[in-house]
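Colleague: I would like the atomic coordinates for the input below:
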Amino acid sequence: MEILVLMGVLAGSLALTAFARRYNLSAPLLVVVVALGVALIPGVPRLELEPELVLTVVLPPLLYSTSLESSLTHFKRNLRPIVALGVVLVAVTAVVVALVVHLLLPDVPFASALVLGAVVAPPDAVTAVAIGRKLGLPRRVMTVLTGESLVNDAAALTLYKVALAAVAGTAGSAGHGFAVFGVATVLGIAVGLAIGALVVGIRRLLDDPLLESAFGIIVPFGAYVTAEHLHPFGEEFSGSGVLAVVAAGLYLGHRSLYASPATRMQDRSVWASIDVLLEALVFALMGLQLPFVLDGAGHAARDNGTLTLVALAVLAATMLIRIPAVALFAYLPKTLRLFGQVRRAPDWQTIAVISWTGMRGVVTLAAAAGVPADTPGREEIQLFAYAVAIGTVLIQGLTLPPLIRVLKVGDPEEAAHDEAEELAAREVAQKAAHARLREISRDRLAELDLPPEKIERLRERLERLVDTRYRFAKAAITLSGEDRSGNPHAQFAKARRELLITQRKAMIEENRAGRLDDEVLGKVLRELDLEELSVSTTLTNRLS
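Modeller: From the prediction side, this is the model:
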């Protein structure tokens, strides 16, 4: 029965995601709201959130996919703000939340309150990054938000383990806690890099795009499980599975520059599909947990009104502590500034947007669900965690887009700088191609048993291909939006795409009439698809 319910949740969440993408809505918010409504319908089957399933099956591929698409260079360049938000702010948030809960509910042990703090500390940047990408946030802001989401789960889950040990009475001193964190960090990164290097070697031996992509699917799970099950200094010490996945993803994403084009295209398609599926499932699970949380709150010995007020206080503390912390990180003296010593501090509009991107995700719910049953205040922890997760997604998720529009956060020089760099690189590539063409004409074409005029025509045709591609790209880069649509190169590209579409339809009709075999059709369609993709990526996307 649970399998059928899960399949129904997947199908429904994907349908909502498709609807959101079709009408330019926020898919995570829509899925959460609908799932909340469905969860309140009497008789709806319950799908319980299994912490191990989420942390072992759902989280690793999401982190890995994000890491693959992240720039290692940009990550290293912005390491200080990433560490500030992903580690320091996580610890600060956990302590502040613990103090708030312990102050309002004195009979909840501080160790249990710290467990809650660790649970609600890590923001999930899925929604924020999707909104930022759509609204054109500067690259540096996107890098910081993405990097924060890659490391904050590791910091929060490690703190979570330390807090649970304190609740159980097995935790050592503060130094012991730092040692646990240090071992988790070093061992997790080492495992991730080792697995990344191993995968690069295996892929080189395979030399098969399909097998390489299939093999890559198991990498995040292997990295996570390996790091989590390494205990070199005792059971309480283990590697961080999250950091292992991130390190492997960043390394393999950087090495993908040297992979074959077919492998890169296949990997993008595979992980884009996995992302859509898992993100839809994650936000559906968040909404569907409402009955479990309400049941837990109903069984709690406290007055529900008191619990509601404390939940609102925890939500406010979680959201508001980020605002002064981000500002402090940005405006510290240069020698201490966590946003870098050389670069100028971000403007206040950028600080405001980063401060408001604190939406929590399924890691918060999974960690809360995994709190042991004998933990004092377990029901309260789960209720407050749910309030923070859903509250931040709805409040910050709904208000972040208008905030970005009102503050007009952006870097007007970034696009011009990117275009200048791209044009210069394409000029270098064109010159290199012409130089290589001269070598080919001298060495290879001259050896052909053909009349000189035919050899010259071949050389001229190759030269025109190089120059045409460059002129297409230059037109797309340098012309304004109004000029592009009327440019001869743009019109030629549109006509070429229409002809490809016509050829595809004709081939399909031949197949339907029984005059073209399915396998032959598949081969031809792949060629037409690749050619159309080439046209679209050079001009069509820029013209839209």
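Colleague: give me the low-pLDDT residue ranges for the stretch 101-250 of the chain?
Modeller: For the stretch 101-250 of the chain, applying pLDDT under 70 flags the ranges 169-177, 234-235.
Colleague: And the residue nearest to the spatial centre of the chain, how far from N511?
Modeller: Ranked by distance to the mean C-alpha position of the chain (C-alpha atoms, centre = their mean), the top residue is T66 at 3.4 Å. Distance of T66 to N511, computed by C-beta to C-beta, to the nearest Å: 39 Å. C-betas here are computed from N, CA, C, even on glycine.
Colleague: Quick check, E2 in contact with L47.
Modeller: Yes: the criterion here is C-beta atoms under 8 Å, and E2 meets it with L47 at 7.0 Å.
Colleague: Which residue of these two possesses the greater neighbour count?
Modeller: The neighbour count for E2 versus L47, taken as other C-beta atoms under 10 Å, is higher for L47 (19 against 10).
Colleague: so what's the residue nearest to the centre of the chain up against?
Modeller: T146, S149, L150, G249 (C-beta atoms under 8 Å, 6 or more residues apart in numbering).
Colleague: so it is in which element?
Modeller: Assigned by DSSP states H and E, T66 belongs to helix 59-69.
Colleague: What is whichever helix or strand comes after that helix packed up against?
Modeller: For helix 59-69, the succeeding helix or strand toward the C-terminus, using DSSP H and E, is helix 72-77. In this structure, helix 72-77 makes packing contacts with helix 139-168, helix 241-255, judged by 3 or more C-beta pairs under 8 Å, 6 or more residues apart in numbering; DSSP states H and E.
Colleague: so how far is the helix or strand encompassing R438 off the chain centroid?
Modeller: Following DSSP H and E, one finds R438 within helix 412-443. Here the centre of mass of C-alpha atoms in helix 412-443, compared against the chain's by C-alpha atoms, centre = their mean, to the nearest Å, lies 31 Å away.
Colleague: ditto for stretch 508-527
Modeller: Stretch 508-527 sits 37 Å away from the centroid of its parent chain (C-alpha atoms, centre = their mean).
Colleague: I'd like the mean pLDDT over that stretch, please.
Modeller: Average pLDDT, stretch 508-527: 80.
Colleague: Could I get the buried residue list for it?
Modeller: Applying a neighbour-count criterion of 16 or more other C-beta atoms under 10 Å, the buried positions in stretch 508-527 are N511, L516, L521, V524.
Colleague: what's near enough to touch the last one?
Modeller: With C-beta under 8 Å, 6+ apart as the criterion, the residues that contact V524 are M507.
Colleague: Now name the helix or strand holding it.
Modeller: Assigning secondary structure by DSSP H and E places V524 in helix 518-535.
Colleague: that older thread, out of the helices and strands packed on helix 72-77, deepest packed?
Modeller: helix 241-255 (a mean of 26; mean count of other C-beta atoms under 10 Å).
Colleague: Tell me what angle it forms with helix 59-69.
Modeller: 30 degrees (axes from the mean of the first three to the mean of the last three C-alpha atoms, to 10 degrees).
Colleague: Helix 241-255: how far from the chain's middle?
Modeller: Taking C-alpha atoms, centre = their mean, the mean C-alpha location of helix 241-255 is offset from the chain mean by 13 Å.
Colleague: Now that helix - C-alpha only, CSV.
Modeller: What follows is helix 241-255, C-alpha atoms only, in CSV (Å, rounded to 0.1, in the frame of the first residue of the first chain):
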residue,chain,number,x,y,z
GLY,A,241,28.7,12.0,4.3
VAL,A,242,27.4,15.4,3.2
LEU,A,243,31.0,16.8,2.7
ALA,A,244,32.0,13.6,1.0
VAL,A,245,29.2,14.0,-1.6
VAL,A,246,30.0,17.7,-2.0
ALA,A,247,33.8,17.1,-2.4
ALA,A,248,33.2,14.3,-5.0
GLY,A,249,30.7,16.5,-6.9
LEU,A,250,32.9,19.6,-7.1
TYR,A,251,35.9,17.5,-8.1
LEU,A,252,34.0,15.5,-10.8
GLY,A,253,32.2,18.7,-12.0
HIS,A,254,35.6,20.3,-12.5
ARG,A,255,37.0,17.2,-14.3
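Colleague: Mind giving me the packing neighbours of that helix?
Modeller: Packing contacts for helix 241-255, counted by 3+ C-beta pairs under 8 Å, 6+ apart, involve helix 59-69, helix 72-77, helix 139-168, helix 174-206, helix 219-228.
Colleague: helix or strand right after it?
Modeller: The element immediately downstream of helix 241-255 (helix or strand, assigned by DSSP H and E) is helix 261-288.
Colleague: returning to that earlier point: report all helices and strands that the following helix or strand past the helix holding R438 contacts.
Modeller: Following helix 412-443 in sequence order, the next helix or strand is helix 452-478 (DSSP H and E). Packing contacts for helix 452-478, counted by 3+ C-beta pairs under 8 Å, 6+ apart, involve helix 412-443, helix 488-512, helix 541-543.
Colleague: If I average pLDDT within each of those helices, which one is lowest?
Modeller: That would be helix 541-543, which, of all these, carries the lowest mean pLDDT at a mean of 47.
Colleague: wait, is G43 part of a helix?
Modeller: No: counting by DSSP: H, G, I helix; E, B strand; the rest coil, one finds G43 to be coil, located in no helix.
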